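1. With the sequence up front, the predicted model follows.
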Amino acid sequence: MLSNWKGRDAIDDKGKGKYRRRFIKWCLQRIYRGTGFSPLPMIALGFLGIILLGSLLLSLPVASTSGRGIPWFDNLFTATSAVCVTGLVVQDTGRAYSTFGHVVLLVLIQLGGLGFMTFATLLFRLMGRHISMRERMIMRDSLNEDDIGGMVQMVQWVAVSAFTVELAGAVLFSFRLIPIYGWGRGAFYSLFHAVSAFCNAGFDLFGGGQSLTGFAGDVLMNLTAVAMVVIGGLGFSVLHDMLTRRSFKRFRLHTKLVLVSYGALLFGGMLLVLALEWSNPATLGPLPFGQKLLASLFQSMTLRTAGFNTIDQAGLRDCTKLLGGLMMLVGAAPASTGGGVKVTTLAIMVLTVRMVARGERSIVVFGRRIDQGLIQRTMAIVFIAIAVALVDICALSLLQPGAAFLDLYYECMSAVGTVGISAIGSANLKPLARILIIITMYIGRIGPLTMAMLFSNRQNKARELLRYPEDRVMIG
């Protein structure tokens, strides 16, 4: 390879630049394959760095309405919740933080939702800087893509589409918020809540921890929030596929599975909430029929990692909290702004159960066969996610004695799934319990994504060299 680079002195400067870039690209590929470099630690450390920087900015006196500053530990919790697009808070976001603090939160939510590599790529492009092979690999893994080709164009499309949807949502929100808060404050509130909804963050600026309960019967506010959360939760690859192919029959298998599983969870959850909370005087009971349907749809939507709420979460029945926690664990779609285990993972798990029940040897769905390796990775992801949730729930119950177990379960599942709704109130947690929730939110944002990438496209070179004899084990 290096011998090919001898005798290049005769080519012009433009040709030298072209071959130099090819040589650098070739060297980076050899380094990547030889040293085992993995973009995964870079993604995890990138999110951690943004969290720490955000907590320091929020600790500045100018970030608080009192001018004295907010304790760093509370800001660490808030910054983690914002970057991990969760929405759990220990301070009243609308009243404790100033406009500067709100702007910092807005930036943290946007960075957490789209990923820091998206903004780094846009900055590099504006500066005219070349995107290295290592950076392209990090972009590929942050978007959960398989191919490294066209990553820069894909990131640019993600940013443009996200900003377009957020601007449209802000315009719709402004029809309600500007008449209430005036032009300046109303416009900023509209933009903030549009970004918070699209990124599935669930932060609000209305104060008092009311979220969107003041707009429980407002069709425009509710449906706009639902649309923003769903669009952000479907995933950018699904949105691109829908815009380019425009026919369900022509969609990729991934897009079909996301649309079917996400829709089933959204409307199935709506019917479940409606049935369980129909006569509950603390939630849907006092509402008229139309508002019951709207509130049930919104509650089901918020379980998809949204974080907003229009009904009192503490007033939910125990069975609703139990089932709602399981739905929160599922989360949104891969390569989306939401977290959780992902809806396609659940879909593959359900299809695997169907395959075993029918005595089949492979999963066939929409005329396509699912790779057996993907089934194994799915089961591993589900097992690890459930194990993390169970350990966190048990630990939280020990750190917060006296609290209702179901409320702690609800809080923990909300953190693991990066949902952001709370029945106990995160501000009521003790310091050690808050630390556990901070770690859980970080795992919820990084863990499922990292596990999915660790188990995907990673081949063991030695597995074909040695094969052991098969044997049978009784199960069931």
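-> Ah, there it is.
2. Where does pLDDT dip in the chain?
-> Scanning the chain for pLDDT under 70 picks out the ranges 1-43, 116-152, 154, 447-466, 471, 474-476.
3. what about the strands in it?
-> Using DSSP state E, the strands assigned to the chain run over residues 363-365, 368-370.
4. Mind putting those into CSV with mean neighbour count and distance to Arg317?
-> Using the backbone N, CA and C atoms, a C-beta is placed for each residue, glycine as well. Formatted as CSV, the strands of the chain follow (neighbours: other C-beta atoms under 10 Å; distance: least, C-beta to C-beta, whole Å):
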stretch, mean neighbour count, distance to Arg317
strand 363-365, 16, 35
strand 368-370, 14, 37
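5. possible to save those strands as JSON lines with distance to Glu277?
-> Below are those laid out as JSON lines (distance: least, C-beta to C-beta, whole Å):
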{"stretch": "strand 363-365", "distance to Glu277": "33"}
{"stretch": "strand 368-370", "distance to Glu277": "36"}
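6. nearest to Ala63, of these?
-> When the strands of the chain are compared by C-beta to C-beta, strand 368-370 sits nearest Ala63, at 48.5 Å.
7. Can you tell me what sits against the closest one?
-> By C-beta atoms under 8 Å, 6 or more residues apart in numbering, the surrounding residues in contact with strand 368-370 are Leu253, Ile348, Leu351, Ser362, Ile363, Val364.
8. Who does it pair with, and is each partner parallel or antiparallel?
-> As defined by DSSP bridges, the strand partners of strand 368-370 come to strand 363-365 (antiparallel).
9. so how far is the strand it pairs with from its chain's centroid?
-> Centroid separation for strand 363-365 versus its chain: 27 Å, with C-alpha atoms, centre = their mean, to the nearest Å.
10. how about stretch 325-342: buried residues?
-> 325, 327-342 (16 or more other C-beta atoms under 10 Å).
11. Helices - which of those residues land there?
-> The helices, defined by DSSP state H, take in Gly325, Met327, Met328, Leu329, Val330 from those.
12. Can you list phi and psi of the residue lying closest to the third one once chain neighbours are set aside for me?
-> The reference is to Met328. Once flanking residues are discounted, Met328 sits nearest to Gly417: 3.9 Å by C-beta to C-beta, 6 or more residues apart in numbering. Phi and psi for Gly417, reported as degrees, to the nearest 10, are phi -80, psi 0.
13. Go ahead and confirm Gly417 touches Gly324.
-> No: with contact defined as C-beta atoms under 8 Å, Gly417 does not reach Gly324; the gap is 10.2 Å.
14. out of those two, which sits in the more crowded spot?
-> Gly417 (31 against 28; other C-beta atoms under 10 Å).
15. wait, what's in contact with the more buried one?
-> Contacts of Gly417 were listed using C-beta under 8 Å, 6+ apart, and they are Thr305, Met328, Leu329, Val330, Gly331, Gly339, Gly340, Val341, Gly444.
16. residues contacting the first one?
-> Translated: Thr305. Thr305 makes contact with 85, 200, 233, 328, 331-332, 338-340, 417-420, according to C-beta under 8 Å, 6+ apart.
17. next one: the third one
-> Residues in contact with Leu329, defined by C-beta under 8 Å, 6+ apart, are Gly340, Val341, Ala385, Ile386, Ala389, Met413, Val416, Gly417.
18. Report how many residues lie close to the residue nearest to the fifth one when sequence neighbours are not counted.
-> To tie it back to what came earlier, the one meant is Ala389. Counting by C-beta to C-beta, 6+ apart, Val416 is the residue found nearest to Ala389 once chain neighbours are left out, at 5.0 Å. Using other C-beta under 10 Å, Val416 is surrounded by 30 other residues.
19. Centroid-nearest residue for the protein?
-> Ranked by distance to the mean C-alpha position of the chain (C-alpha atoms, centre = their mean), the top residue is Gly338 at 2.1 Å.
20. Please tell me how far the nearest residue to that residue once chain neighbours are set aside sits from Thr418.
-> Leaving aside its chain neighbours, Gly338 sits nearest to Ala332 (2.8 Å; criterion: C-beta to C-beta, 6+ apart). Ala332 is 9 Å from Thr418, where distance means C-beta to C-beta, to the nearest Å.
21. which neighbours do those two share?
-> Asn200, Thr305, Gly338, Gly339, Gly340.
22. Can you tell me which of these is nearest Asp371?
-> The closest of the shared contacts of Ala332 and Thr418, once distances to Asp371 are taken by C-beta to C-beta, is Gly340, at 22.6 Å.
23. these two touch, right, that closest one and Ala333?
-> No: with contact defined as C-beta under 8 Å, Gly340 does not reach Ala333; the gap is 9.4 Å.
24. Thr440: how many residues sit nearby?
-> If you count neighbours by other C-beta under 10 Å, Thr440 ends up with 30.
25. Can you report how many residues neighbour the nearest residue to it once chain neighbours are set aside?
-> Leaving aside its chain neighbours, Thr440 sits nearest to Ala415 (4.0 Å; criterion: C-beta to C-beta, 6+ apart). Ala415 has 32 neighbouring residues, counting by other C-beta under 10 Å.
26. could you list every residue that touches Val226?
-> Val226 sits next to Leu297, Phe298, Met301 when contact means C-beta under 8 Å, 6+ apart.
27. Please report how far the nearest residue to the last one once chain neighbours are set aside lies from Gln313.
-> By that I understand Met301. Leaving aside its chain neighbours, Met301 sits nearest to Val226 (4.9 Å; criterion: C-beta to C-beta, 6+ apart). Per C-beta to C-beta, Val226 is found 17 Å from Gln313.
28. Okay, buried residues for the biggest helix by length in the chain please.
-> Secondary structure of the chain per DSSP H: the longest helix is helix 151-181. Judged by neighbour count using 16+ other C-beta under 10 Å, the buried positions of helix 151-181 are 151-152, 154-155, 158-159, 162, 165-166, 168-170, 172-174, 176-178, 181.
29. what packs against it?
-> Counting contacts by 3 or more C-beta pairs under 8 Å, 6 or more residues apart in numbering; DSSP states H and E, helix 151-181 packs against helix 99-114, helix 116-127, helix 133-142, helix 183-198, helix 219-234, helix 236-245.
30. so which of the ones you listed gets nearest Arg377?
-> Nearest to Arg377, of all the helices and strands packed on helix 151-181, is helix 133-142, at 15.0 Å by C-beta to C-beta.
31. All set, thanks.
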